[in-house]
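A.B. asks: Provided below are the primary sequence and the corresponding predicted coordinates.
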Amino acid sequence: MVNGKRQIVVPGETIVSGNEFLPGDGAYRDGVEVVAGRYGIANVVEKHIRVVPISGAYYPRRGNTIIGTIVDITFNGWLINFGGAQNAFLPVSEVPRYVNKNEMREFLDFGESVIVKVWDVKSRGVDASMKMRGFGKIDGGMIIAVGPNEVPRIIGKEGSMINLIKEKTGCSITVGQNGFVWIKGDKIENELLAKKAVLFITEKSFISGLTKAVEKWFKEEKK
């Protein structure tokens, strides 16, 4: 497996062979081999091996920001697929303006993406709201998927990392705790730069001094 490459592995599968490789999160050494300890995506970065779990890692909590897609419309709201075990429900009463039942598809239609806040988690599913500022239908830009467990590193301490990306790219960026990131900029080049930065962080999330590494990466990219 080459440096920087990703591949899906299963528990017990050999990822790489060689004493120069260091097993990290989700991996362990067996003789000269580094072996997967769980099902997920194997990452090899600078001789460091880790396995990022695939799906099922996000459990919604009240107050979380999530990004999802409208998959159904009922008589009193919308169902949103956000990658969880169940869909989220967005009631008509939790949108920022009055919408009568004949206008529901005009306001939010099948396949459209939205940013919503989790305001309650029940056994039957998740209730969501978009009444607050910064929440609503996504218009333009691009959405990328990352591991939900990588979200804290993308946001950074008190938002330091995401603010750095915004500053360097001029893009508006919203990170959902469910592992979806919305990027919107004035130019597609800026959006792609922001996307590359986010993916760089996911690949390097295990290292210390990540902010400095990202700052150095931006300098090299802008050359």
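C.D. replies: Everything's here; your move.

A.B. asks: Give the buried residues for stretch 162-170.
C.D. replies: Neighbour-count burial for stretch 162-170, counted by 16 or more other Cβ atoms under 10 Å, picks out 162, 164-166, 168-169. Every C-beta, even on glycine, is put in place using the N, C-alpha and C of the backbone.

A.B. asks: now those residues as a markdown table including secondary structure, pLDDT and distance to Lys47?
C.D. replies: Compiled in a markdown table, the buried residues of stretch 162-170 are given as follows (DSSP: H, G, I helix; E, B strand; the rest coil; pLDDT from 0 to 100; distance: Cβ to Cβ, whole Å):
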| residue | secondary structure | pLDDT | distance to Lys47 |
| --- | --- | --- | --- |
| Ile162 | helix | 97 | 28 |
| Leu164 | helix | 97 | 26 |
| Ile165 | helix | 98 | 27 |
| Lys166 | helix | 98 | 32 |
| Lys168 | helix | 97 | 28 |
| Thr169 | helix | 97 | 30 |
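
A.B. asks: can you redo the residues you listed as a markdown table with distance to Asp72?
C.D. replies: Output for the buried residues of stretch 162-170, formatted as a markdown table (distance: Cβ to Cβ, whole Å):
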| residue | distance to Asp72 |
| --- | --- |
| Ile162 | 31 |
| Leu164 | 38 |
| Ile165 | 34 |
| Lys166 | 34 |
| Lys168 | 39 |
| Thr169 | 35 |
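
A.B. asks: longest single helix anywhere in the chain?
C.D. replies: The helix that spans the most residues within the chain, counting by DSSP state H, is helix 188-204.

A.B. asks: downstream neighbour of it in the secondary structure list?
C.D. replies: The element immediately downstream of helix 188-204 (helix or strand, assigned by DSSP states H and E) is helix 210-222.

A.B. asks: Tell me how far that following helix lies from the chain's centre.
C.D. replies: 21 Å (Cα atoms, centre = their mean, to the nearest Å).

A.B. asks: At the geometric centre of this structure, which residue do we find?
C.D. replies: Note on the chain: the residue nearest the mean C-alpha position is Gly179, at 2.3 Å, using Cα atoms, centre = their mean.

A.B. asks: tell me the contacts of it?
C.D. replies: 57-58, 83, 145-148, 150-151 (Cβ atoms under 8 Å, 6 or more residues apart in numbering).

A.B. asks: By neighbour count, which of those wins?
C.D. replies: In terms of neighbours by other Cβ atoms under 10 Å, the contacts of Gly179 top out with Val151 at 23 neighbours.

A.B. asks: buried set for the helix or strand containing it?
C.D. replies: Assigned by DSSP H and E, Val151 belongs to helix 151-155. By neighbour count, and taking 16+ other Cβ under 10 Å as the criterion, the buried residues in helix 151-155 are 151, 153-155.

A.B. asks: circling back to that earlier point, does anything pack onto the longest helix of the chain? Which helices or strands?
C.D. replies: For helix 188-204, the elements it packs on are strand 40-45, strand 142-145, helix 151-155, helix 160-169, strand 180-184, helix 210-222, judged by 3 or more Cβ pairs under 8 Å, 6 or more residues apart in numbering; DSSP states H and E.
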